[in-house]
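1. Fold the following for me, if possible:
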Amino acid sequence: MTGTDVRQDSVRLTQYAHGGGCACKIPPGELEEIVAGLTAGAGANGGASGLLVGLDSGDDAAVVRLPGAPGSPAVVATADFFTPVVDDPYDWGRIAAANALSDVYAMGGTPLVAVNLLCWPREVLPFDLAGEVLRGGLDIATQAGCFVAGGHSVDDPEPKYGMAVTGTADPARLLRNDAGRPGTPLSLTKPLGLGVLNNRHKTTGEVFPQAVETMATLNRAASEAALAAGAVCATDVTGFGLLGHLYKLARASHVTAVLDPSAVPLLDGAWDAARAGHISGGTRRNLAWVAPHTDFGGTDELTRLLLADAQTSGGLLVAGEVPGAPVIGELVPAGPDALVVR
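-> All right, here's what the predicted structure looks like:
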């Protein structure tokens, strides 16, 4: 059977992927081993031009200062793609595009142009499905005011989609994950639970509109609000879960992050999905990675898993108060553990 023989309405895209969304990332501990030592050589930073943000702190995107007059914008560059997180191809395209654009917003930038990254099993799935994926990505990029100009495709046994995005930012007003300071509150701009709901969707076919719309929502407004509030430190919450991304922020900023799990917002249905066992392998790997650096106190296992839940196109985690976003903890002077959950 070829792709042209498959009816579009009979395809469940999530069944063609070994993982789903950002949960299919390489585990954070393994990834850090791979990229260790791949930072730019001496002299790349500083001066009139240079790399302002690179691999050193594991931030969300690269930022390069261009030569020019003082006040010239910096260039923000990133790429993100993943396997299907939902069965609807148009929604998958929307979610993947919002997720890729989020890395620019997480740096305090504005996306300008994107190119598509598409892997497609051309002998298995119809091309009109791929067209719907690309249409979803284009619609979200258009909503963001970002041009889409071509891209690259590969014949691949497993479908994957995303974007490489280029944007600009004020180099004096970046949001970085290494700029956190003690005494700063922590705000989260989207609820958790996307991972468990997506995993339940993949297993059962149930559709969770609240999860789809959360993932397809741009982080533009959250980024603008963070900058307006004077924030200088932020990251987005994606495949490494809230705990994983918070650990990276605390480690890069040389602080301890204290998290109040009762203040962390959850999507409707997230607790039920977690209790039913819809926990991805990526989530369990996230928890195993941060556990040696975390004081969990009496936090129960299910709460720990939800805090480590591998999100796809999650919100911004901001060191500072963001109007409309709950405060879920604070940064304090560095202690024996990078994270404290209590």
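2. For burial, what's the neighbour tally of the residue lying closest to S72 once chain neighbours are set aside?
-> Of all residues beyond its chain neighbours, the one nearest S72 is L66 (5.7 Å), with distances taken as CB to CB, 6 or more residues apart in numbering. Where C-beta positions appear, they are placed from N, C-alpha and C, glycine not excepted. Other residues near L66 number 13, with proximity taken as other CB atoms under 10 Å.
3. same deal with S187?
-> S187 has 26 neighbours, counted by other CB under 10 Å.
4. any idea what it is structurally, helix, strand or coil?
-> With DSSP: H, G, I helix; E, B strand; the rest coil as the basis, the three-state label of S187 is strand.
5. Next up, the contacts around it.
-> Residues touching S187, when contacts are defined by CB atoms under 8 Å, 6 or more residues apart in numbering, comprise A226, L316, L317, V318, G320, E321, V322, A325, P326, V327, I328.
6. you'd agree H18 is up against T83?
-> Yes: between H18 and T83 there is a contact at 7.1 Å, judged by CB atoms under 8 Å.
7. what about those two, which has more around it?
-> T83 (23 against 8).
8. Please report the distance of the more buried one from V124.
-> According to CB to CB, to the nearest Å, T83 and V124 sit 14 Å apart.
9. what does D139 give?
-> Note on D139: its distance to V124, by CB to CB, is 25 Å.
10. One more: N177?
-> 39 Å.
11. between these two, which one's more packed in?
-> Neighbour totals were compared for N177 and V124, and N177 leads with 26 against 16 (other CB under 10 Å).
12. per-residue pLDDT, that one?
-> Note on N177: pLDDT of 95.
13. Report the contact partners of it.
-> By CB under 8 Å, 6+ apart, the contact set of N177 is S57, G58, D59, D60, C233, A234, T235, K248, L249, A252, S253.
14. Which member of the residues you listed is positioned nearest V290?
-> Taking CB to CB as the measure, K248 is the one of the contacts of N177 closest to V290, at 9.4 Å.
15. Could you confirm the closest one falls within a strand?
-> No: read with three-state DSSP, K248 is helix and lies in no strand.
16. That one: neighbouring residues, count only.
-> 23.
17. wait, it sits on T235?
-> Yes: here K248 lies in contact with T235, judged by CB under 8 Å, at a distance of 6.9 Å.
18. How much space separates the residue nearest the centre of the chain from C119?
-> Per CA atoms, centre = their mean, the C-alpha nearest to the average position across the chain is that of T238, at 3.1 Å. T238 sits 19 Å away from C119, going by CB to CB.
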